[in-house]
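A.B. asks: the sequence and its predicted three-dimensional model are supplied below.
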Amino acid sequence: MRPRERRRRTLPRPAGAIRRSRFSVFRLVLLLILVIVFAPLAYYAQFSGLLQWVLGLASLGVLASFAGLFVFRGASEPAPLVNPSEANRSASGELARVAATVGRAARGLRYSQVVVTSRARAAFMDQARLVLGWDSETMRALQQDREALRRLFGDDLAAFLYLRSGDLDERFAWARRAQGGAGFAEEFAGILEKMEAWR
């Protein structure tokens, strides 16, 4: 490829770059010329019907030119259909709901404590199922066997994971015992540490 045929490559605009103003000196001069030309015509148009027609048609032409330029610019550089901040809104919203639920559980609200502990149990049992290579039915049977849980996970995790029937009172039983001990927040943090340490 010859040098004069080589096109100049442009680097992408940085994310925080400010666009240069489109109102150039050339357009300012062009606007002044139009004002100089149309001002006398507007004055003499009051004495001549022909000048009124010419001035009206010229005004329509200028307005059509500006309208066409505006439409072309909008079509060549359309605004993004989705705000960039929308991409992570669902993920951040879910995290905010989980954080709010944990906060309510730490303040002693019973339903939030049930929700938090149930999610932790389900997540840990699913992780253990993948590590052990067992199926879901085996894991459900394991969760109803206190001794088997103790052999695999130890006493503390077994007391947290054990669910014989899975009703609301049974799922809240661990939170009730934790409130009578060091408190729900501290006891639950200790359970999470043991879950993270288990492999």
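C.D. replies: Noted; the coordinates are in hand.
A.B. asks: where does the chain dip in pLDDT?
C.D. replies: 1-24, 26-27, 37-49, 51-53, 55-56, 66, 69-92 (pLDDT under 70).
A.B. asks: now do the phi/psi pair for residue 107.
C.D. replies: When read as degrees, to the nearest 10, the backbone of residue 107 gives phi -80, psi 0.
A.B. asks: care to break this structure down by domain?
C.D. replies: 25-74, 104-197 (automatic domain parsing).
A.B. asks: mean neighbour count added to those, as a markdown table?
C.D. replies: (C-beta placed from N, C-alpha, C; glycine too.) Below are these laid out as a markdown table (neighbours: other C-beta atoms under 10 Å):
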| stretch | mean neighbour count |
| --- | --- |
| domain 25-74 | 11 |
| domain 104-197 | 15 |
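A.B. asks: and of those, who's closest to residue 95?
C.D. replies: domain 104-197 (13.0 Å; C-beta to C-beta).
A.B. asks: would you list the domains of the chain in a markdown table and tack on distance to residue 96?
C.D. replies: Below are those laid out as a markdown table (distance: least, C-beta to C-beta, whole Å):
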| stretch | distance to residue 96 |
| --- | --- |
| domain 25-74 | 36 |
| domain 104-197 | 13 |
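A.B. asks: how about the ones you listed, which one is nearest residue 97?
C.D. replies: The nearest among these, by C-beta to C-beta, is domain 104-197 at 10.1 Å.
A.B. asks: and the end-to-end length of the closest one?
C.D. replies: Using C-alpha to C-alpha, to the nearest Å, one end of domain 104-197 lies 26 Å from the other.
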